[in-house]
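*Asks:* fold the following and give me the result.
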Amino acid sequence: MRILFVHQNFPGQFPHLSAALAARGHEVVALSDVENKRKSPVLTYHYKSPEKERLKGLGSTNADVVARGAMVAGACSQLKERTGFVPDVIFGHNGWGEMLFLREIWPDARILNYAEFVYRSRGLDSDFDREFQQTDLNTRMATVTRASHILQSMLDADAAIAPTEWQASTFPPELRRKITVVHDGVDTDQVCPNPEARLDLPGTGITLKPGDEVLSFVNRNLEPYRGYHIFMRALPEVMKARPEAQVVILGGDGQSYGRPPGTGKTWKQTLLDEVAGRIDPTRLHFLGRVPRAQFLALMQVTRVHAYLSYPFVLSWSMIEAMSAGALVVGSATPPVTEVIDDGRNGRLVDFFDVAGWSRALIRALEDAGPDNALRHAARETVLERYDLRRHCLPRLIAFVESHEPHGL
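*Replies:* Numbers count the residues shown, from 1 in each chain. Next comes the predicted model:
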């Protein structure tokens, strides 16, 4: 079977799946943005990045995604003409417009979507945090425009995958029927407890190891969508009550979701300024974005991992923290509550309850020794439901192979 993966940041969600399908004898190729420098497990072609800021106002999102879709369509047309490649199955992420026009190039291909999330103007992420989010008509209309290309892609798709039940539920019922829920999976053989793990904190002379009192927090970028503001506001009481605790924060200074702060500074600095004078800066360590090995070491040495999110896409880092044996204190928001059962395999706290977060983190740092039952239960949850090799990858392979076009 000939399989084409489409993802602007390939391999994205598909590194293990694309490699596994190729190993099973399928002809697997990928198409990605020319600016993407990530290492690919399969032959990868590239399309030219669309121009930015093509249009202002409500139509800007549609203009951007249509432009990207057109670039992808043009690259696919050239691929077809120059190499004769005709895919039996096309599998791509529907979030950026890349899937919009593929039916026009290969009308007989089976089209599969990675259906991560669909935006709504009410009841999900866009109106969750009134401190930083506007809910006026213009803002709601802008949210609607962010969903239109995703819904269009789903209309054209033969089937789709979503990583969690809740994320699948964000799609309208008539489209939800197309979606199979299978998580991307965690390599639990690699992401596992390791008593020999060590993490050096640059410039401090401190080396952290399992058993140390470590509190971790991880975002791709430090911003409110992932609760950075709540975590930072909870820290003064935590650091006061736990004078030996080392707090390690990973994440960039950029913007992944939502709006930038109105201070002219990054979210990192804005919230750091807010709590200045009430925390011990010698025990607060910002490492920025780090290599995979360094992230894994942090998950293996941390005693408590704080994870917060608006009702939005679930981060891989939360499940990986559980797989590494950390005690996760998470926000009581979907899809976190789909994974963490309060008091059984982790702790849950109301997203906005800053005092509650302080109390929960203090308690967790007190109790979360190496034999803590919640940590063992957290890893068992991942082994039973999210293990890559034993559960998720076989189901993902079966999903793709089951959509082989008739007659092959």
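
*Asks:* nearest the geometric middle of this protein, what residue?
*Replies:* residue 315 (3.6 Å; C-alpha atoms, centre = their mean).

*Asks:* enumerate every residue touching it.
*Replies:* Applying C-beta atoms under 8 Å, 6 or more residues apart in numbering, we find residue 315 in contact with 218-220, 226, 307, 309. Any C-beta I mention is one placed from the backbone N, CA and C, and that applies to glycine too.

*Asks:* which stretches in the stretch 151-300 of the chain count as helices?
*Replies:* In the stretch 151-300 of the chain, the helices defined using DSSP state H, counting those that start in this stretch lie at 165-169, 173-176, 228-241, 267-275, 292-301.

*Asks:* next, format these as JSON lines and append mean neighbour count.
*Replies:* Shown next, in JSON lines, are the helices of the stretch 151-300 of the chain (neighbours: other C-beta atoms under 10 Å):
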{"stretch": "helix 165-169", "mean neighbour count": "19"}
{"stretch": "helix 173-176", "mean neighbour count": "13"}
{"stretch": "helix 228-241", "mean neighbour count": "21"}
{"stretch": "helix 267-275", "mean neighbour count": "18"}
{"stretch": "helix 292-301", "mean neighbour count": "19"}
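
*Asks:* from the contact counts, what lies against the longest helix anywhere in the chain?
*Replies:* Among all segments of the chain classified by DSSP state H, the helix with the greatest residue count is helix 60-83. Judged by 3 or more C-beta pairs under 8 Å, 6 or more residues apart in numbering; DSSP states H and E, the packing partners of helix 60-83 are strand 27-33, strand 43-47, helix 102-105, helix 137-156.

*Asks:* could you rerun that using 10 Å?
*Replies:* strand 2-6, strand 27-33, strand 43-47, helix 102-105, helix 137-156 (3 or more C-beta pairs under 10 Å, 6 or more residues apart in numbering; DSSP states H and E).

*Asks:* in it, which residues are buried?
*Replies:* By 16 or more other C-beta atoms under 10 Å, the buried positions in helix 60-83 come out as 61-69, 71-73, 75-76, 79.

*Asks:* again with stretch 32-48
*Replies:* 32-33, 36, 40-42, 44-45, 47.

*Asks:* farthest pair within those?
*Replies:* The span of the buried residues of stretch 32-48, defined through C-beta to C-beta, is set by 41 and 47 at 19.0 Å.

*Asks:* okay, now the unreliable bits of the stretch 1-150 of the chain?
*Replies:* Within the stretch 1-150 of the chain, the stretches with pLDDT under 70 are 53-55.

*Asks:* and if we set it to 90?
*Replies:* For the stretch 1-150 of the chain, the stretches with pLDDT under 90 are 50-62, 134-135.

*Asks:* that older thread, so which of the helices and strands packed on helix 60-83 comes closest to residue 325?
*Replies:* Closest among the helices and strands packed on helix 60-83, using C-beta to C-beta: strand 2-6, at 32.4 Å.

*Asks:* contacts for the helix or strand following that closest one?
*Replies:* Next helix or strand after strand 2-6 toward the C-terminus (DSSP states H and E): helix 15-23. Outside helix 15-23, the residues that touch it by C-beta atoms under 10 Å, 6 or more residues apart in numbering are 1, 3, 5, 7, 10-12, 14, 26-30, 38-44, 89, 91, 161, 182, 184-185, 187, 388-389, 392-394, 396-397, 399-401.

*Asks:* mark which of those are buried, thanks.
*Replies:* Buried among the contacts of helix 15-23 (16+ other C-beta under 10 Å): 1, 3, 5, 7, 10-12, 14, 26, 28-30, 40-42, 44, 89, 91, 161, 182, 184-185, 388, 392-393, 396-397, 399-400.

*Asks:* one step back: which pair of the contacts of residue 315 spans the longest distance?
*Replies:* 220 and 307 (12.7 Å).

*Asks:* shared neighbours, the two?
*Replies:* Going by C-beta under 10 Å, 6+ apart, residues that sit against residue 220 and also against residue 307 are 226, 315, 317.

*Asks:* now pLDDT too, for those residues, in JSON lines please.
*Replies:* Conversion of those to JSON lines gives the following (pLDDT from 0 to 100):
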{"residue": "226", "pLDDT": "96"}
{"residue": "315", "pLDDT": "96"}
{"residue": "317", "pLDDT": "96"}
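
*Asks:* those in strands, which ones?
*Replies:* Counting by DSSP state E, the shared contacts of residue 220 and residue 307 place none of their members in strands.

*Asks:* let me have these in a markdown table, adding distance to residue 325 as columns.
*Replies:* Putting those into a markdown table (distance: C-beta to C-beta, whole Å) gives the following:
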| residue | distance to residue 325 |
| --- | --- |
| 226 | 22 |
| 315 | 18 |
| 317 | 14 |
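
*Asks:* just those now: which is nearest residue 97?
*Replies:* For the shared contacts of residue 220 and residue 307, the nearest to residue 97 is residue 315 (23.2 Å; C-beta to C-beta).

*Asks:* in terms of pLDDT, where does residue 182 sit?
*Replies:* Note on residue 182: pLDDT of 98.

*Asks:* repeat for residue 199
*Replies:* Residue 199 is given a pLDDT of 98.

*Asks:* so it versus residue 356, what's the distance?
*Replies:* Distance, residue 199 to residue 356, by C-beta to C-beta, to the nearest Å: 28 Å.

*Asks:* more neighbours, the two?
*Replies:* residue 199 (27 against 16; other C-beta atoms under 10 Å).

*Asks:* show me what contacts the more buried one?
*Replies:* 206-210, 212, 214, 216, 246, 248, 285, 287, 290, 293-302.

*Asks:* again, but for residue 76
*Replies:* Counted by C-beta under 10 Å, 6+ apart, residue 76 has contacts 4, 6, 31, 45, 47, 85, 87, 90, 98, 101-102, 104-106.

*Asks:* tell me which residues in stretch 138-158 are buried?
*Replies:* 142-143, 145-147, 149-150, 152-154, 157.

*Asks:* correct me, but residue 259 touches residue 126?
*Replies:* No. The criterion here is C-beta atoms under 10 Å, and residue 259 misses it with residue 126 at 11.1 Å.
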